[in-house]
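**Q** pasting the sequence and the predicted model now:
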Amino acid sequence: MLTALAIAVGALYAAGIYLVLRRSVAKLVFGLAILTTAANLLIFTAARLVRGRPPSVPPEATAVPAPHADPVPQALILTAIVVGFGALAFAVVLIRRVHHSHGADDFDELRSES
Amino acid sequence: MNRLLVLPILVPLAAATLCLLAHRRFRLQRIISVAGAGGLLTSGLLLLARVQAHGPIATRVGGWRAPFAIVLAADLLSAIMVTMAGFVAVAVTIYSLAGVGLRRERFGHHVLVQTLLMGVSGAYLTADLFNLYVWFEIFLLSSYVLLVLEGGRARLVGPIKYVVLNLLSSVLFLSAIGLLYGLTGTLNLADLARTVPLAGQPGLVAVVAVLFLVAFGIKAAVFPLFSWLPAAYPAAPPAVLALFSGLLTKTGVYAILRIFTLVFAADTGFIRPLLVWIAGLTMVTGVLGAVAQGEIRRLLSFHIISQIGYLLFGAALATGPALGGAIYFFMHVIVAKAGLFLAGGIVERLRGTGELKRLGGLQRTRPALAILFLLCALALAGLPPLSGFWGKLLLFRAGLAERAYVLVAVGLAVSVLTLFSMMKIWAEAFGKDRPADAGGEPALSAGSRLALYLPLALCALFVLGVGIAAGPVSALAAQAGRELASPEAYLRVVLGVQP
């Protein structure tokens, strides 16, 4: 499972970077969206996967039993999703306005006009 | 819960909320905005007094125990940075009373300035890596909107670069946080300082360190990652530019200082030499870019980059005196640059253009503006007895002690070029005769004259005062540098260990 996720994370980073490096403005947005997702999955994977173990302390014990699920990465990812969504939404609106006023999807054309 | 630590975050938050509630009542919003900035400056000064007298302080939000709670902490560096943010905020909000126009105010200029201040203060005060990421996003989002508030057609392409590169840097930042958490299981800065050397995976630690360096390097606009800055900044009005140059890139440098003296202090064989190279090249490329410009805003924007190089100079050497020099330089450069941008803004306001070719004769028509500009410009170039001279002296002395002769020589050469480009503005805009085709100067009302000149005068007085009182100020900076170089007291309060 860990290997599969690691490969998926790598593939997402590769796809995101490829799209960001294209000249098309629309693909840039998709690239950024994929990269944010890749970073979230990376946090999830890097913090180790534990299945079927509660992150809570049983009533009779004083500490969490050894292999326990860690709730912190999930809290981090939840925050990062919200933050990333906000930033991405702004980028989409900005790029849409540029596209609207310039009528071009190509960074080279945008630069020659400005 | 230590109130001093939450005030610099709560005051701008309250001001932003009140500004939102005073929707459409612009006069009220302006008062709230200036009051919020004044409150931030006051709380910064209170924090500084407390930290200087009693050492670093920390508070654990929610009352959880040390590595589990999100900790807010302030040592001298944090307190100084919050105070400087407050100072710039006061200057910019006063200037905004006359300098930004109703159109920007209608779209929430005052609200965004306050949320930006909140994010910046939060970034200075947090001792948690993920919390740092969130504060960075808060002030970056505010800055995105401030940058494009009244963007016309041509003005939107530069901001796209800014937004996209900063989003990319945030992704790198987040990835580095994820890897570091996987490696150590903690994100508390003090806890990381303890656990990273014990992690036993030098390869992975080096990768994470470089990821942080690139992420903060983009935000701080260092060589070779600065291309977004000259593309995006000149689109913003001078008041916003003064705020950005004083707070945004500087927070990136602050993060580099903090992370690389605390978390990666021990095990980074190649990071220091890399930082030395970056510092030198940032200074040189920034100033060379500036020399080639013929428009005030663009010229000053390139100078932001070159001055970042001096700050990294201190970070690269990382000895107590070098860090102290960098902290003194922080205080100097934040205010000197803000003053220059505000002076440039007044010039544009008077003549309707910032093109140096079409300016001239301001020395005769506006002697007060000329003197105030000259004070800030000479401070930036580093002439005694102004603040820049002492900042550079402290840095160069620390550099000589570390045998970084090439870096010191580069720093000196860049100072000469800085002086040259400042004199270019002086000669073109103030000294030479006014071109024949230039229009008349609009008469400013007494109120807007006060709002425009007062913040500029405050900045000029600051660079003069910090230069003349160099003894006590550099002692404060040196103390902050020592705390940064050997952060035991900071580690202790953040982890909540009783001494």
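**A** Noted; the coordinates are in hand.

**Q** relative to B:T126, how far out is B:L168?
**A** Separation of B:L168 from B:T126 (Cβ to Cβ, to the nearest Å): 23 Å. Using the backbone N, CA and C atoms, a C-beta is placed for each residue, glycine as well.

**Q** how about B:M118?
**A** The separation that B:M118 has from B:T126, given Cβ to Cβ, amounts to 12 Å.

**Q** I'd guessed B:A220 sits against B:L257; true?
**A** No. In this structure B:A220 lies outside contact range of B:L257 using Cβ atoms under 8 Å: 10.1 Å.

**Q** out of those two, which sits in the busier spot?
**A** The neighbour count for B:A220 versus B:L257, taken as other Cβ atoms under 10 Å in any protein chain shown, is higher for B:A220 (29 against 24).

**Q** now do stretch B:145-159, average pLDDT.
**A** Mean pLDDT, computed over stretch B:145-159, is 75.

**Q** residues contacting the residue in chain A that chain B sits nearest to?
**A** As assessed by Cβ to the nearest Cβ, chain B sits closest to A:A46 within chain A, at 3.0 Å. Contacts for A:A46 (Cβ atoms under 8 Å, 6 or more residues apart in numbering or on different chains) come out as A:P73, B:G178, B:L179, B:Y181, B:G182, B:L183.

**Q** didn't B:I296 look like it was pressed against B:E348?
**A** Yes. Using Cβ under 8 Å, B:I296 is in contact with B:E348, at 7.0 Å.

**Q** enumerate the residues of chain A near chain B.
**A** Residues of chain A found near chain B (Cβ under 8 Å from any Cβ of the partner chain) are A:20, A:25, A:28, A:32, A:35-36, A:38-40, A:42-48, A:70, A:72-73, A:76, A:79-80, A:83-84, A:86-88, A:90-91, A:94-95, A:97-98, A:101-102, A:110-111, A:113-114.

**Q** low-confidence stretches in the stretch 301-450 of chain B?
**A** B:437-440 (pLDDT under 70).

**Q** which one in chain A is furthest away from the centre?
**A** Using Cα atoms, centre = their mean, the residue of chain A lying farthest from its centre is A:E60. It sits 39.3 Å away.

**Q** so that residue, which state does it fall into?
**A** Recorded secondary structure, A:E60: coil (DSSP: H, G, I helix; E, B strand; the rest coil).

**Q** B:G55 contacts B:E488, doesn't it?
**A** No. Using Cβ under 8 Å, B:G55 is not in contact with B:E488, being 10.4 Å away.

**Q** what about these two, which has more around it?
**A** Per other Cβ under 10 Å, whichever of B:G55 and B:E488 has more neighbours is B:G55, with 15 against 11.

**Q** do you know how far the residue lying closest to the more buried one once chain neighbours are set aside is from B:A58?
**A** Distances taken as Cβ to Cβ, 6 or more residues apart in numbering or on different chains place B:A489 nearest to B:G55, at 5.2 Å, with adjacent residues excluded. The gap separating B:A489 from B:A58 is 10 Å, by Cβ to Cβ.

**Q** go on, B:G280?
**A** Look at B:G280 and B:A58: by Cβ to Cβ, they are 36 Å apart.

**Q** secondary structure element for the closest residue to chain A within the stretch 301-450 of chain B?
**A** Nearest residue of the stretch 301-450 of chain B to chain A (Cβ to the nearest Cβ) works out as B:S301 at 15.6 Å. In this assignment (DSSP states H and E), B:S301 forms part of helix B:296-317.

**Q** same check on B:T353?
**A** Using DSSP H and E, no element contains B:T353; it sits outside every helix and strand.

**Q** need phi/psi at the residue nearest to it when sequence neighbours are not counted.
**A** By the measure of Cβ to Cβ, 6+ apart, the closest residue to B:T353 outside its immediate chain neighbours is B:L359, 7.0 Å from it. In terms of degrees, to the nearest 10, the main-chain angles of B:L359 are phi -100, psi 170.

**Q** try B:Q201
**A** Here is the backbone geometry of B:Q201 (degrees, to the nearest 10): phi -130, psi 80.

**Q** OK, contacts around it?
**A** For B:Q201, the contacting residues are B:L183, by Cβ under 8 Å, 6+ apart.

**Q** how near is it to B:F260?
**A** When distance is defined by Cβ to Cβ, B:Q201 is 18 Å away from B:F260.

**Q** try A:P71
**A** In terms of Cβ to Cβ, A:P71 sits 30 Å off from B:F260.

**Q** please enumerate the strands of chain B.
**A** Using DSSP state E, the strands of chain B run over residues B:57-60, B:71-74.

**Q** and chain A, which of those is closest to it?
**A** Ranking these by proximity to chain A (Cβ to the nearest Cβ) places strand B:71-74 first, at 14.9 Å.

**Q** tell me which other helices or strands that closest one touches.
**A** When contacts are defined as 3 or more Cβ pairs under 8 Å, 6 or more residues apart in numbering or on different chains; DSSP states H and E, strand B:71-74 sits against helix B:3-21, strand B:57-60, helix B:109-125, helix B:488-495.

**Q** what is the burial count for the residue lying closest to B:R366 once chain neighbours are set aside?
**A** Excluding the flanking residues, the one nearest B:R366 by Cβ to Cβ, 6+ apart is B:L350, at 6.9 Å. B:L350 has 18 neighbours, counted by other Cβ under 10 Å.

**Q** for the nearest residue to A:D70 once chain neighbours are set aside, grab phi and psi.
**A** With sequence-adjacent residues excluded and distances taken as Cβ to Cβ, 6+ apart, A:D70 is closest to A:A47, at 5.7 Å. Torsion angles at A:A47 (phi, psi; degrees, to the nearest 10) stand at phi -80, psi 20.

**Q** which residues sit in contact with A:A47?
**A** Applying Cβ under 8 Å, 6+ apart, the residues near A:A47 are A:D70, A:V72, A:P73, B:G178, B:Y181, B:G182, B:G185.

**Q** what is the nearest of those residues to B:G101?
**A** B:G178 (43.0 Å; Cβ to Cβ).

**Q** distance of the closest one from chain A?
**A** Distance check for B:G178 against chain A: by Cβ to the nearest Cβ, to the nearest Å, it reads 3 Å.

**Q** who's in contact with that residue?
**A** The contact partners of B:G178, by Cβ under 8 Å, 6+ apart, come to A:A39, A:L42, A:I43, A:F44, A:A46, A:A47, A:P73, A:L76.

**Q** let's see it at 7 Å
**A** A:A39, A:L42, A:I43, A:A46 (Cβ atoms under 7 Å, 6 or more residues apart in numbering or on different chains).

**Q** quick one on the thing from earlier: for the residue of chain A closest to chain B, which non-adjacent residue is closest in space?
**A** Spatial nearest neighbour of A:A46, excluding adjacent residues (Cβ to Cβ, 6+ apart): B:G182 at 3.0 Å.

**Q** tell me how many other residues crowd that neighbour.
**A** By other Cβ under 10 Å, 18 other residues sit near B:G182.

**Q** same thing with A:R23?
**A** For A:R23, the neighbour count with other Cβ under 10 Å is 12.

**Q** near the residue lying closest to it once chain neighbours are set aside, how many other residues are there?
**A** Among residues not flanking A:R23 along the chain, A:F107 sits closest, at 4.9 Å (Cβ to Cβ, 6+ apart). Number of residues near A:F107 (other Cβ under 10 Å) recorded here: 16.

**Q** please state the offset of the longest helix along chain A from the chain centre?
**A** As assigned by DSSP state H, the longest helix anywhere in chain A is helix A:71-102. Centroid separation for helix A:71-102 versus its chain: 10 Å, with Cα atoms, centre = their mean, to the nearest Å.
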